[in-house]
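# Sequence below, structure please.
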Amino acid sequence: MKNWQDTIQLRLYQQTDLPFLAQLYASTRADELAQVPFSDEQKAAFLQQQFTAQLQHYTTYYNTDSFHIVELNGIAIGRLFVDHWERELRVVDISLLPDYQNKKIGSYLFQQLFAQSQQLQKAVSIHVEQHNSARAWYERLGFQYDSTTNEVYLLMKRQPDPV
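Now for the predicted structure:
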């Protein structure tokens with residue numbers, strides 16, 4: 001794995017990041033929206049509405065103290081939103097722009113979380129849609145199925161090594 005330590009930084013998200021976050025969100029829905037007969041204007045309106053609803057949900061129901069923008073050499077390339085719970089570190093969202101996917105950046109970010117998890121002796125957890133291809137990646141990282149939510153999402157957890 002490439003050593004991303006010197007080039008990847010995390011910084012707390014700010015209101016000025018909202019245009020970037022909206023662009024990032026749109027990139028996560030591009031394949032899905034390519035299949036619907038919406039005009040470009042309809043797609044843009046739909047994406048803005050969905051992004052706003054998602055961010056409002058995240059900021060209402062999660063502690064945003066660890067909602068970070070992922071930067072590569074000072075350029076925003078993704079987000080890593082984590083909430084710290086009593087017994088686990090919940091990954092609320094991890095997303096990278098398409099040009100930065102499949103370069104082991106996500107794995108590097110998870111390795112940082114796993115080190116924190118080990119130190120705190122807390123599990124790392126994440127929800128994933130059952131048929132999302134990221135599920136196989138999470139399994140390769142050591143996540144295991146924990147439970148199902150709404151018949152759509154799987155809760156996956158990775159436990160720290162015992163001390």
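
# which sections of this structure are below the confidence cut-off?
Judged by pLDDT under 70, the chain has its weakly predicted residues at 1.

# can you give me the strands for it?
8-12, 67-72, 75-84, 88-96, 123-129, 144-149, 153-158 (DSSP state E).

# Identify each buried residue in the last one, please.
Neighbour counts over strand 153-158 (16 or more other C-beta atoms under 10 Å) mark 154, 156, 157, 158 as buried. Just so you know, the C-beta spots here come from the backbone N, C-alpha and C atoms, and that holds for glycine as well.

# same deal with the first one?
For strand 8-12, burial by neighbour count (16+ other C-beta under 10 Å) applies to 8, 10.

# Next: the fifth one.
Neighbour counts over strand 123-129 (16+ other C-beta under 10 Å) mark 123, 124, 125, 126, 127, 128 as buried.

# For those, please prepare a markdown table with the additional fields distance to residue 106.
Formatted as a markdown table, the buried residues of strand 123-129 follow (distance: C-beta to C-beta, whole Å):
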| residue | distance to residue 106 |
| --- | --- |
| 123 | 18 |
| 124 | 13 |
| 125 | 16 |
| 126 | 11 |
| 127 | 16 |
| 128 | 13 |
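
# Which single one of those is nearest to residue 150?
Looking at the buried residues of strand 123-129 and their distance to residue 150, the nearest is residue 127, at 9.8 Å (C-beta to C-beta).

# can you tell me which residues contact the nearest residue to that closest one once chain neighbours are set aside?
In space, residue 127 comes closest to residue 153 once its chain neighbours are excluded; the distance is 4.5 Å by C-beta to C-beta, 6 or more residues apart in numbering. Residue 153 sits next to 127, 128, 129, 130 when contact means C-beta atoms under 8 Å, 6 or more residues apart in numbering.

# could you redo those as TSV and give each row distance to residue 104?
Putting the contacts of residue 153 into TSV (distance: C-beta to C-beta, whole Å) gives the following:
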residue	distance to residue 104
127	23
128	19
129	23
130	25
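
# Run through the residues that contact the residue nearest in space to the middle of the chain.
A centroid search over the chain (C-alpha atoms, centre = their mean) returns residue 94, at 1.2 Å, as the residue closest to the centre. Applying C-beta under 8 Å, 6+ apart, we find residue 94 in contact with 78, 79, 80, 81, 106, 109, 110, 126.
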